[in-house]
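**Q** need a structure here:
(one chain, ligands or ions: 1)
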Amino acid sequence: MADVELSDDPAQFRADVAAWLAAHVVGEYAELKGRGGPGDEDIGFDVRVAWEQELGKAGWIGLGWPEEFGGRGASLDQQIIFAEEYARAQAPARVNHMGENLLAPTLIEYGTAEQQERFLPGILRGDERWCQGYSEPNAGSDLANVATRAHLDGDEWVINGQKVWTSLAHVSHWCFVVARTDPDSARHKGLSFLLVPMDQPGVEVRPIVQITGGGEFNEVFFDDARTAADLVVGEVNSGWAVAMGLLGFERGVSTLAQQVGFERELEHLIELAKARGRASDPVLRQRLVDAYIGLHLMKWNAMRSMAASGVPGPEASISKLFWGTWHRDLGELFIDVLGPEGLIAEELPYELTLEQKLFLFTRSDTIYGGSNEIQRNVLGERVLGLPKEPS
Ligand SMILES: Cc1cc2nc3c(=O)[nH]c(=O)nc-3n(C[C@H](O)[C@H](O)[C@H](O)COP(=O)(O)OP(=O)(O)OC[C@H]3O[C@@H](n4cnc5c(N)ncnc54)[C@H](O)[C@@H]3O)c2cc1C
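**A** Numbering: from 1, shown residues only. Next comes the predicted model:
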């Protein structure tokens, strides 16, 4: 049972969402207002897990999923209103972006009924968190070079190999893993998309400390790790299409809530610039205005992509390229607005301010989910139809 009805009247729905958030972002949740975002993921994690479960109980997870899959079939406008009010209330950052926004739509599109029944409810309740096992030391931009292997042993897959940069693996229950299941295959062929439990002897997670001082990503080693034979999404040896479908969700439509977060960051930056008397600097003022324009372009483009149903195609790269670059530039602008103060740590030896963490973490926005260069290649070759880059 959901706490709040999905009213068709936008003003009513907005008021209902705002009232629910005002009544629930209290106590220890209110202490985490505005926390847990980029570069700040370690903060209050257990409390944010409890918050995720509150959201689940109230029916706020899977808001836009079809009702037949346990979602609420909310319209695009309703999802936008929820995201906007969530950001306005500064509710704590969410903990299962990969489960809710990447894996779930992929399972809805490509999974079996059993897989959907097994995994969607755990995401809806906020109980089962997911991580993404794509990148490896020799397979980042060149993902088809995946060397992690899996073979069937009776009714189980046995997995061996190494993943890297696996965000939130240390706090995830499951990992979706791209692995080579046909040993004689090369490149895009012979890969499968496996769902692998993290809590088992064959999986070792080694955290990597990042420049922000926190650690949101990890190395993950599979050493005879196991998963059930039926936990392969799509056809065995045809996992590339599933993996790419998921990337379409990652690069495009899943980012709407994130963009509403960007809006709050920009508001904070403008307040900071005014308070420091920096808004009258003509060059900084111009950059702030450019950021404002960019934010709105990005939002309209995201809404345009969201209005189209189905798996996003290569055009999702437009969104990824735009928001990754925009957010990285916003991080730089924060430090430029702060001036020399931006260079001083909050506390010694290495506690950084939120603005500094944002600056450092946003360097990665143009890398993860496919680097800017890769997005340009996708756009050039697969959207514009230009000749392929020589390899
Ligand atoms: C914060 C963060 C979180 C991440 N989280 C995850 C995660 O949860 N799961 C996961 O699987 N991965 C994750 N990644 C990994 C990310 O997807 C890869 O870092 C990314 O795909 C780039 O791969 P790479 O690091 O191996 O760099 P490389 O592929 O080695 O690229 C190095 C440089 O060469 C350029 N380059 C490479 N190929 C080409 C080409 N053909 N044309 C032009 N330029 C090229 C790249 O743009 C880049 O500048 C994360 C990364 C970061 C930074």
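
**Q** tell me the residues of the protein that contact the ligand?
**A** Applying the criterion C-beta under 6 Å from any ligand atom, the portion of the chain that neighbours the ligand consists of 131-135, 140-142, 165-167, 217, 364, 367-368, 370-371, 373-374, 377. C-beta coordinates here come from the backbone N, C-alpha and C atoms, glycine included.

**Q** those in helices, which ones?
**A** Filtering the residues of the chain next to the ligand for membership in helices, criterion DSSP state H, returns 373, 374, 377.

**Q** where does the chain have low pLDDT?
**A** 1, 251-254, 309-310 (pLDDT under 70).

**Q** give me that answer again for 50
**A** Within the chain, not a single segment meets pLDDT under 50.

**Q** burial check on the residue in it positioned nearest to the ligand, number of neighbours?
**A** Sorted by distance to the ligand under C-beta to the nearest ligand atom, the residues of the chain start with residue 140, at 1.8 Å. Residue 140 sits with 17 neighbouring residues when counted by other C-beta atoms under 10 Å.

**Q** ok so, going back, of the ones in helices among the residues of the chain next to the ligand, closest to residue 89?
**A** residue 374 (35.5 Å; C-beta to C-beta).

**Q** if we ignore the residues flanking it in sequence, what's nearest the closest one?
**A** Distance criterion C-beta to C-beta, 6 or more residues apart in numbering; nearest residue to residue 374, sequence neighbours excluded, is residue 141 at 5.0 Å.

**Q** list only buried entries from the ones in helices among the residues of the chain next to the ligand.
**A** Taking 16 or more other C-beta atoms under 10 Å as the criterion, what is buried in these is 374, 377.

**Q** closest one to residue 192 out of the ones in helices among the residues of the chain next to the ligand, please.
**A** Each of these was scored against residue 192 by C-beta to C-beta, and residue 374 proved nearest at 22.6 Å.

**Q** right, and residue 337 touches residue 273 too?
**A** Yes. Look at residue 337 against residue 273 with C-beta atoms under 8 Å: they come within range, at 4.8 Å.

**Q** find residues that contact each of the two.
**A** Taking C-beta atoms under 8 Å, 6 or more residues apart in numbering as the contact criterion, the residues that touch both residue 337 and residue 273 are residue 284.

**Q** packing partners for the top strand by length along the chain?
**A** Of all the segments of type strand in the chain, defined by DSSP state E, the longest one is strand 217-228. With contacts defined as 3 or more C-beta pairs under 8 Å, 6 or more residues apart in numbering; DSSP states H and E, the secondary structure elements packing on strand 217-228 are strand 156-164, strand 191-197, strand 203-208.

**Q** direction included, what does the last one pair up with?
**A** The one in question is strand 203-208. Strand 203-208 has the following strand partners under DSSP bridges: strand 217-228 (antiparallel).

**Q** after the partner strand, next one along is what?
**A** Using DSSP states H and E, the helix or strand that directly follows strand 217-228 along the chain is strand 232-233.

**Q** list the helices and strands that next one packs on?
**A** Helices and strands in packing contact with strand 232-233 are listed as helix 104-110, strand 191-197, helix 239-251; criterion 3+ C-beta pairs under 8 Å, 6+ apart.

**Q** quick one: the helices in this protein, in order.
**A** 10-24, 27-31, 45-57, 76-88, 97, 104-110, 113-125, 239-251, 256-275, 282-307, 316-338, 354-361, 372-378.

**Q** please tabulate those helices in JSON lines, including the columns distance to residue 2.
**A** As requested, these are arranged in JSON lines below (distance: least, C-beta to C-beta, whole Å):
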{"stretch": "helix 10-24", "distance to residue 2": "10"}
{"stretch": "helix 27-31", "distance to residue 2": "19"}
{"stretch": "helix 45-57", "distance to residue 2": "9"}
{"stretch": "helix 76-88", "distance to residue 2": "12"}
{"stretch": "helix 97", "distance to residue 2": "21"}
{"stretch": "helix 104-110", "distance to residue 2": "17"}
{"stretch": "helix 113-125", "distance to residue 2": "11"}
{"stretch": "helix 239-251", "distance to residue 2": "24"}
{"stretch": "helix 256-275", "distance to residue 2": "18"}
{"stretch": "helix 282-307", "distance to residue 2": "21"}
{"stretch": "helix 316-338", "distance to residue 2": "29"}
{"stretch": "helix 354-361", "distance to residue 2": "33"}
{"stretch": "helix 372-378", "distance to residue 2": "37"}
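
**Q** nearest to residue 70 among those helices would be which one?
**A** Each of the helices of the chain has some distance to residue 70 by C-beta to C-beta; the shortest is helix 113-125, at 5.1 Å.

**Q** can you give the contact residues for the closest one?
**A** Defining contact as C-beta under 8 Å, 6+ apart, one finds that helix 113-125 is touched by 53, 56-57, 61-62, 65, 69-71, 96, 99-100, 103-104, 107-108, 111, 128, 130, 173-174, 195, 230-231, 233.
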